[in-house]
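Chemist: Got a sequence here, can you build the structure:
(one chain, ligands or ions: 3)
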Amino acid sequence: MSKLIALIPGDGIGPEVIKETIKVLNVLAPDFKYIELDLGGVAIDKYGVPFPDETKKKVKEVDAVLMAAIGGPKYDNLPREKRPETGLLALRKELNAFANIRPAMVFDSLAHLSTLKTEVVRGTDLVVVRELTGGIYFGQPTANDGQKAYNTAVYTVEEIERIAKVAFEFAQKRSKKLCSVDKANVLNVSQLWRDVVTKLASNYPDVELSHMYVDNAAMQLIKNPKQFDVIVTSNLFGDILSDEASMLTGSIGLLPSASLGDGTLPGLYEPVHGSAPDIAGKGLANPVAMMLSAAMMLRYSFSMNKEADILESAIKSVLDAGILTADLGGKSNTLEIGEAVLNRIKVPV
Ligand code: NAD
Ligand code: IPM
Ligand code: MN
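Modeler: Ligands and ions are numbered 1, 2, ... in the order given. Coordinates of the predicted model:
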């Protein structure tokens, strides 16, 4: 299948993990073509802006966008509009990627590597459906004059409905359990969230809906993660809970994501982790989250389920064989993980 993919290597470990992922895609989908685009720190260095016009134009002309990670300490003191993170938020907005699907699955062979007890995490298989283009990340007004600063958490009924629909439909395809996470005991914006999700539930009588306050959800996630199947939540809560969920699996270097809109624009695929400046350039980065994000691209953007299955099985086989990067206590480097996955794709084991 000939498809054009925009690659955004970004900063820090981004280029390292995307390189291994492309090697694998070249075998699984030899007809794919790629264009490389600048976003984040690398774009600031070249053009002085985190989301150049060229990137903005091109991401809409491709079939999917595969992005690694952006950001780094070098850019942390720039004015907000010039920061790498602002570029990423603008990219998500440009693609109307309001639904961020973040699966957290504990690989059986890695369950003992979680910082939590093996019996607590083993069997965990959940998905955080994070609203990605609204909430406090984007709400107006916002300001910081050095004396006083504020952000505004805003959601409209329409924004809540569209993300809740995605989550209900996910739940229907899984074990039909949906937990909506909010802070309705304190925040008006969360009360609207809860009311809208509750109302929508009547359209999905086969899905068992529950509600949980975010503080309790943070606790329940590490107390008994297996109680969760699909979690739907706002932008900020989803950001935090998905990093927390990553530690059930053993490492944030394992968590992929898909950022999807209404299907009229290309899907964006990005690992949950960041640019990991502390390990960049050392060959220590775990490329699995990036590779699993590519598998999500194969599945969701191109319905290439067979290829996605092959990639996911190859990754599982590598992890089962104890071929692991340092974040999981292993000795293999980024390249060696890439090669091991590649070998299993060429000669399935
Ligand atoms: P981070 O996710 O980059 O790193 C957190 C910790 O996890 C670090 O110790 C890092 O070494 C480790 N880690 C992350 N990914 C790993 C991988 N693939 N393999 C092995 N270890 C991995 O979060 P941070 O340190 O808070 O942020 C660093 C920069 O990344 C910041 O500028 C932040 O804004 C940015 N960031 C970008 C994205 C993105 O591009 N989607 C996501 C999160 C953070
Ligand atoms: C993520 C990141 C981003 C977010 C940042 C880098 C803008 O933490 O993708 O989880 O907060 O959404
Ligand atoms: Mn995050």
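Chemist: In a strand, residue 218, correct?
Modeler: No - under the criterion used here (DSSP: H, G, I helix; E, B strand; the rest coil), residue 218 is helix, not part of a strand.
Chemist: Read off the pLDDT value for it.
Modeler: Residue 218 carries a pLDDT value of 98.
Chemist: Over to residue 347?
Modeler: So residue 347 comes in at 64 (pLDDT).
Chemist: Per the annotation, how does this structure divide into domains?
Modeler: Residue ranges for the domains of the chain, per automatic domain parsing: 1-97+261-349, 99-255.
Chemist: Residue of the stretch 51-200 of the chain closest to ligand 1, please.
Modeler: Residue of the stretch 51-200 of the chain nearest ligand 1, by C-beta to the nearest ligand atom: residue 71 (2.4 Å). C-beta: built from backbone N, CA, C; applies to glycine.
Chemist: Helix or strand for that residue, just tell me which one.
Modeler: Of the helices and strands defined by DSSP states H and E, none includes residue 71.
Chemist: Can you get me a residue count around it?
Modeler: 23 (other C-beta atoms under 10 Å).
Chemist: What distance do you get for it to ligand 2?
Modeler: If you measure residue 71 against ligand 2 using C-beta to the nearest ligand atom, to the nearest Å, the figure is 6 Å.
Chemist: Now do the strands in this protein.
Modeler: For the chain, strands defined by DSSP state E occupy the ranges 4-10, 33-36, 64-69, 99-105, 125-131, 143-144, 149-150, 177-182, 208-213, 230-233, 258-260, 267-269.
Chemist: Ok, which of these comes nearest residue 21?
Modeler: strand 64-69 (7.3 Å; C-beta to C-beta).
Chemist: and the closest one with ligand 2, contact?
Modeler: No - for strand 64-69, no contact with ligand 2 is found by C-beta under 6 Å from any ligand atom; the gap never falls below 7.8 Å.
Chemist: For the stretch 151-300 of the chain, list the residues in contact with ligand 2, please.
Modeler: 239, 272, 274.
Chemist: redo that, cut-off 5 Å
Modeler: Within reach of ligand 2 by C-beta under 5 Å from any ligand atom, the stretch 151-300 of the chain has these residues: residue 239.
Chemist: Show the residue spans covered by the helices in the stretch 151-300 of the chain.
Modeler: 157-173, 188-200, 214-223, 235-249, 288-300 (DSSP state H, counting those that start in this stretch).
Chemist: Contacts for the third one, please.
Modeler: Pointing back at helix 214-223 there. 116, 120, 179, 181-183, 212, 227-228, 231, 233, 237, 240-241, 244-245, 247-248 (C-beta atoms under 8 Å, 6 or more residues apart in numbering).
Chemist: one more time with 7 Å, if that's ok
Modeler: 116, 181-183, 212, 227, 237, 241, 244-245 (C-beta atoms under 7 Å, 6 or more residues apart in numbering).
Chemist: and the nearest residue to residue 166 once chain neighbours are set aside, how many residues sit next to it?
Modeler: Using C-beta to C-beta, 6 or more residues apart in numbering and skipping residues adjacent in sequence, the residue nearest residue 166 is residue 99, 4.4 Å away. By other C-beta under 10 Å, the residues close to residue 99 number 23.
Chemist: what's across from residue 99 in the sheet?
Modeler: Beta bridges link residue 99 to residue 131, residue 260 when assigned by DSSP bridges.
Chemist: Poorly predicted segments of the protein, please.
Modeler: The chain contains residues with pLDDT under 70 at 347-349.
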